[in-house]
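Colleague: Fold the following for me, if possible:
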Amino acid sequence: MKTEKLHISFDDFFDFKLIGISCSEKDYRLCWAINQTMGLDLVRMSNEGIASRSHLLDFPFFEYVDDEKGSVYRLLANRFENKTLMKELKTIDYLFLMQGEDANLHEITTKLGSIEFVFLATEIDISKLKEKDLLYLDE
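Modeller: Numbers count the residues shown, from 1 in each chain. Alright, predicted model coming up:
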């Protein structure tokens, strides 16, 4: 009897674009600069809503939902209080996630890199990340 294998792909859950940001500034200052540069309104979110994702409880994140465009933007600290969320991205301080965004990823990366105190803004290929499930914030 031949056995059939079922392959499940989680790529549909990760339909966002990701930019890694390296800078030494506090999260609120980077958030303010991104809001000014990108014309967004990122606000600090409570971590209580993601209690089932216990690995995220200690990492601050900011969010802006653009209902007109159907886009979601998130700024997530990758390193906070001597902890690292994604070990494979240990040199990245913050992760900027964009979901449903039609804008040019290269253009957004360039804008983020132009912020005075940002050392590096780089596009990250989500498909190559082993720990991408750590970025899934929705319940």
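
Colleague: Buried residues in the longest helix seen in the chain, which are they?
Modeller: Determined from DSSP state H, the single longest helix within the chain is helix 27-38. By neighbour count on 16 or more other C-beta atoms under 10 Å, the buried set for helix 27-38 is 27, 30, 31, 33, 34, 35, 38. Every residue, glycine included, has its C-beta placed from N, CA and C.

Colleague: residue contacts, the fifth one?
Modeller: If a contact means C-beta atoms under 8 Å, 6 or more residues apart in numbering, then residue 34 has 40, 42, 75, 96, 112, 115 as its contacts.

Colleague: Now render the residues you listed as a markdown table, adding pLDDT, distance to residue 83 and secondary structure.
Modeller: A markdown table is the format used below for the contacts of residue 34 (pLDDT from 0 to 100; distance: C-beta to C-beta, whole Å; DSSP: H, G, I helix; E, B strand; the rest coil):
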| residue | pLDDT | distance to residue 83 | secondary structure |
| --- | --- | --- | --- |
| 40 | 95 | 26 | coil |
| 42 | 96 | 22 | coil |
| 75 | 94 | 17 | strand |
| 96 | 95 | 19 | strand |
| 112 | 96 | 23 | helix |
| 115 | 97 | 24 | coil |
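
Colleague: Report pLDDT for residue 36.
Modeller: Predicted confidence (pLDDT) for residue 36: 97.

Colleague: Repeat that for residue 58.
Modeller: So, for residue 58, pLDDT stands at 69.

Colleague: now the strands: where do they sit in the protein?
Modeller: Remark: strands assigned in the chain by DSSP state E are 16-23, 43-44, 61-66, 71-77, 79-80, 83-84, 94-99, 118-124.

Colleague: Out of the ones you listed, which gets nearest to residue 131?
Modeller: The closest of these to residue 131 is strand 83-84. By C-beta to C-beta, the value is 10.4 Å.
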